[in-house]
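**Student:** Please find the sequence and the predicted model below.
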Amino acid sequence: MASEKKSITILGIFAADLAFRATRLPQIGETLLGQGFAIGPGGKGSNQAVAAARAGAQVHLITRIGHDLFGELALKTWHDAGIDTQHVQVMEGTSTGAAFIFVSTETGDNAIIVASGAAVHLSPDDIKAAQSTIGASAVFMVQLEQPLCAVEEGLRLAHKLGVKTVLNPAPAAPLPDAVYPYCDFITPNETEAQALTGVAVKSSDDARRAAEVLLARGAGCVIITLGAQGALLHDKNQSLLIPAFNVGKVVDTTGAGDAFNGGFAVALAQGQTLAACVRFGCAAAGLSVTRAGTAAAMPSRAEIEGLLATCD
């Protein structure tokens with residue numbers, strides 16, 4: 001039965017994406033001519049909020065930004081997506097987050113450096129101030145681009161309030177064992193799963209071994225995204241490999257994980273089966289990689305449902 005609570009609260013950062021397209025990364029001391037440049041809205045938390053909002057959810061965002069041009073870009077992005085910003089704090093004297101993104105013109109793959117800016121000041125107090133919003137939500141989702149103390153408090157409080165919790169452990173970082181029992185769902189990619197568990201994830205069987213490690217630490221359900229292979233859904237009751245959607249030429253993989261997590265959270269908030277939730281996330285990710293950018297690449301609900309309908 002679908003939950004009566006349908007909204008999603010996301011703790012995460014905004015970062016202005018400075019994307020450079022080139023055939024490869026330069027070596028130290030080398031200057032390379034690029035083949036393209038763009039500035040756009042990014043940051044995992046913000047991307048996931050935009051993805052979830054475009055996929056049909058009411059979304060509340062908890063974050064901090066600076067009083068600067070990148071902060072103005074953030075506010076416009078959230079306004080256009082219909083995201084609630086009552087828990088966004090605009091800080092004086094510090095910059096909004098920014099990210100350097102290298103995108104390969106050969107493969108569409110990426111490499112990223114993130115500076116969290118004002119969001120580095122996110123703390124448990126930001127979580128406590130949003131307690132009523134979190135408690136009224138169906139899903140609370142968070143990543144690891146802000147201080148771990150805020151992440152822990154968010155997961156702990158949401159879990160205590162009976163809200164489904166999703167931890168996207170990106171970028172990968174060591175986690176205290178006490179965090180895992182607060183995670184109803186944990187959604188690493190292959191690299192993050194290996195960093196957390198020590199299991200090299202090269203196949204779906206490897207992913208199952210890594211998932212077992214995370215379950216043993218207390219996570220309720222593990223979903224490991226596997227790029228072109230899809231995503232592994234693994235808990236104590238089932239282990240399913242949900243295929244990826246091949247929608248067309250891969251242009252930019254930068255926001256694929258955020259598209260997946262945003263889509264997954266929407267379906268979860270709507271009470272769909274876990275397999276259907278993962279499939280919904282895979283459809284969102286499959287559409288996103290056919291477009292350049294991150295937030296700008298997030299598909300609409302109509303696009304996701306259209307893709308799912310054609311593949312039924």
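**Tutor:** Arrived safely.
**Student:** so where's the chain uncertain?
**Tutor:** 1-4 (pLDDT under 70).
**Student:** That one: helices as residue ranges?
**Tutor:** For the chain, the helices defined by DSSP state H cover 44-54, 69-81, 124-129, 131-135, 148-160, 190-197, 204-216, 256-269, 274-288, 301-311.
**Student:** Now do the third one: distance to the chain's middle.
**Tutor:** Right, helix 124-129. 21 Å (CA atoms, centre = their mean, to the nearest Å).
**Student:** For that helix, list every residue counted as buried.
**Tutor:** Using 16 or more other CB atoms under 10 Å as the test for burial, helix 124-129 gives 124, 126-127. Any C-beta I mention is one placed from the backbone N, CA and C, and that applies to glycine too.
**Student:** now those residues in JSON lines, with distance to Gly154?
**Tutor:** Formatted as JSON lines, those follow (distance: CB to CB, whole Å):
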{"residue": "Pro124", "distance to Gly154": "8"}
{"residue": "Asp126", "distance to Gly154": "9"}
{"residue": "Ile127", "distance to Gly154": "5"}
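**Student:** Go through the residues you listed and name the one nearest Thr77.
**Tutor:** The closest of the buried residues of helix 124-129 to Thr77 turns out to be Asp126 (CB to CB; 19.7 Å).
**Student:** Relative to Leu157, how far out is the closest one?
**Tutor:** Asp126 sits at a distance of 11 Å from Leu157 (criterion: CB to CB, to the nearest Å).
**Student:** likewise Gln131?
**Tutor:** Gln131 is 6 Å from Leu157, by CB to CB.
**Student:** try Glu190
**Tutor:** Taking CB to CB, one finds Glu190 at 30 Å from Leu157.
**Student:** How about Gly43?
**Tutor:** Gly43 is 22 Å from Leu157, by CB to CB.
**Student:** The two: who's more crowded?
**Tutor:** Gly43 (33 against 20; other CB atoms under 10 Å).
**Student:** Could I get the contacting residues of the closest residue to His79 other than its chain neighbours?
**Tutor:** Nearest residue to His79, sequence neighbours excluded (CB to CB, 6 or more residues apart in numbering): Thr85, at 7.8 Å. Contact analysis of Thr85 by CB atoms under 8 Å, 6 or more residues apart in numbering lists 61, 75, 78-79.
**Student:** Buried subset of those residues, written for ChimeraX?
**Tutor:** Buried members of these, defined by 16+ other CB under 10 Å, are picked up in ChimeraX with:
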select :61,75,78
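**Student:** Spatially nearest residue to the most centrally placed residue in the chain, not counting backbone neighbours?
**Tutor:** Computing the C-alpha centroid of the chain and ranking residues by CA atoms, centre = their mean puts Asp258 first, at 3.4 Å. Using CB to CB, 6+ apart and skipping the chain neighbours, the partner closest in space to Asp258 is Asn47 (3.6 Å).
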